[in-house]
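Visitor: sequence unknown, structure follows:
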């Protein structure tokens, strides 16, 4: 970049988070926190062989991390949220609107708002899922 550039840059501002050092609170109190560390979040047992951790979120979006044992299933369901799922580990059968595909580490799935979908874990694994807007029903 040229020295005489007149571009303006956003000035760094210290975190507004009261918990920036330790990664935020561990319950639903970490909404809008800039820093949320996995080690500080307690898992929520959702179903046999299925645990979830709500990570960073705000009104507009939410990211969660889920762990699945082989055979764990999330039955057909529908929600108003758009969902994007990244397969971090393992293998899953994912069905969206009746179309089933096998997905594995590195793959991703986009579930539109209002689409019926289900997940079956074929090989122990983990998912990182993004929702917009945030899922209030996932908070403790």
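Guide: Now that the structure is in, tell me what you want to look at. Quick caveat, the model's predicted, so the values are computed rather than measured.
Visitor: which sections of the chain are below the confidence cut-off?
Guide: Low-confidence regions of the chain, defined here as pLDDT under 70, cover residues 1-29, 140.
Visitor: in it, which spans are strands?
Guide: Assigned by DSSP state E, the strands in the chain fall at 44-47, 50-57, 62-68, 73-77, 82-96, 99-104, 108-111, 117-132.
Visitor: ok, the second one: who's next to it in the sheet?
Guide: Taking DSSP bridges as the criterion, strand 50-57 pairs within the sheet with strand 44-47 (antiparallel), strand 62-68 (antiparallel).
Visitor: now render the strands of the chain as JSON lines, adding mean neighbour count and distance to residue 36.
Guide: All C-beta atoms are positioned from the backbone trio N, CA, C, and that covers glycine. Shown next, in JSON lines, are those (neighbours: other C-beta atoms under 10 Å; distance: least, C-beta to C-beta, whole Å):
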{"stretch": "strand 44-47", "mean neighbour count": "13", "distance to residue 36": "15"}
{"stretch": "strand 50-57", "mean neighbour count": "20", "distance to residue 36": "5"}
{"stretch": "strand 62-68", "mean neighbour count": "21", "distance to residue 36": "9"}
{"stretch": "strand 73-77", "mean neighbour count": "13", "distance to residue 36": "23"}
{"stretch": "strand 82-96", "mean neighbour count": "17", "distance to residue 36": "17"}
{"stretch": "strand 99-104", "mean neighbour count": "12", "distance to residue 36": "26"}
{"stretch": "strand 108-111", "mean neighbour count": "16", "distance to residue 36": "21"}
{"stretch": "strand 117-132", "mean neighbour count": "19", "distance to residue 36": "13"}
